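Enquirer: predicted coordinates and the sequence they were generated for:
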Amino acid sequence: MGGDTLAGFHRVIEGDFMDGSVRRLFRVSLFVVLMLGVMHFFPRELSETIDNRFDLDTEANIPTWYSTILLFSVSLSCISVYIQAQKACNRDRFWRRFWLIMGVGYGFLSLDEAARLHEVINVMLSTSWTFVYAPFAGVFFLLCVYYFAVVRGADKSLRNWILGGLIVYALGGLISEAIGYLYWPLPPVLYGLELVSEECLEMTGTIMVLRGCLQESMRLFESARGSQENSQAQLRRAG
């Protein structure tokens, strides 16, 4: 009995530590986004090389690298959730595949960010890549809304982090389009602010989604370990 109590206490302490680690990762990730936004305004006359490395209006630089890492981290987290959910139970097999779909989707976004596949689409189809991606993005968002608001509606934390993150991500593009439409041509300062708001909101939204995925992964891990410890305790009592 004492051993079971000690194991439960240890599980609570370790769970708090893991949750605290996710919160710290969240804050550090947001701080990096803030610094990238500030560095976008680095004076070009001081160093053209540094300015190019942090320019949010170009690719193949530090902001692009960081965005790629965030997107790939979400992909790995979703696939981890899918694998853990597969082992957890035999119910809701269809909706467990949602995490695999989400992982593949974010993996593609990560590849697109790094390899600039959207530019290939622009050349091959002679049309903007946004018109090609938009239908898939719309279907994916509706699928996410149904899953997190209906199927997993009782888990408000998971719903708020992931759906909230997707909305913040979308706001980046919407705000950019609205400012460009209302005030074009933009003066340099306003264009810089519009660009920073777009890119930083997109990265912030991805970080929010990542936090939700990590929380779900930890929940499944703790649940599986708790079940294993309970089974071992029952075997010891039976013995």
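Expert: Right, received. Where do you want to start? Numbering: from 1, shown residues only.
Enquirer: what helix or strand is Ala114 on?
Expert: Assigned by DSSP states H and E, Ala114 belongs to helix 93-115.
Enquirer: so what's Thr206 up against?
Expert: Thr206 is in contact with 67, 70-71, 74, 165, 169, counting by C-beta atoms under 8 Å, 6 or more residues apart in numbering. All C-beta atoms are positioned from the backbone trio N, CA, C, and that covers glycine.
Enquirer: counting neighbours, which of these comes out on top?
Expert: Comparing those by number of neighbours (other C-beta atoms under 10 Å), Val74 comes first, having 27 neighbours.
Enquirer: if I pick the closest residue to it other than its chain neighbours, what's in contact with it?
Expert: Excluding its sequence neighbours, the residue lying closest to Val74 (C-beta to C-beta, 6 or more residues apart in numbering) is Tyr106, at 4.4 Å. Shown in contact with Tyr106 (C-beta under 8 Å, 6+ apart): 71-72, 74-75, 78.
Enquirer: let's see that with 6 Å instead.
Expert: Going by C-beta atoms under 6 Å, 6 or more residues apart in numbering, Tyr106 touches 71, 74-75.
Enquirer: format those residues as CSV; extra columns: distance to Val132 and secondary structure.
Expert: Formatted as CSV, the contacts of Tyr106 follow (distance: C-beta to C-beta, whole Å; DSSP: H, G, I helix; E, B strand; the rest coil):
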residue, distance to Val132, secondary structure
Leu71, 18, helix
Val74, 21, helix
Ser75, 20, helix
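Enquirer: JSON lines please, covering those and showing distance to Phe31.
Expert: Shown next, in JSON lines, are the contacts of Tyr106 (distance: C-beta to C-beta, whole Å):
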{"residue": "Leu71", "distance to Phe31": "19"}
{"residue": "Val74", "distance to Phe31": "19"}
{"residue": "Ser75", "distance to Phe31": "23"}
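Enquirer: tell me the secondary structure at Phe42.
Expert: When classified by DSSP: H, G, I helix; E, B strand; the rest coil, Phe42 comes out as coil.
Enquirer: surely it touches Asp51?
Expert: Yes. Here Phe42 reaches Asp51: they are 5.1 Å apart, a contact under C-beta atoms under 6 Å.
Enquirer: remind me which residues of the protein are low pLDDT?
Expert: For the chain, applying pLDDT under 70 flags the ranges 1-17, 89-92, 181, 226-239.
Enquirer: ok, longest helix in it?
Expert: helix 188-238 (DSSP state H).
Enquirer: just give me how far that one sits from the chain centre.
Expert: How far helix 188-238 lies from its chain's middle: 8 Å, per C-alpha atoms, centre = their mean, to the nearest Å.
Enquirer: could you number the chain from 632 rather than 1 from now on?
Expert: With the count now opening at 632, the last piece we talked about shows up as helix 819-869.
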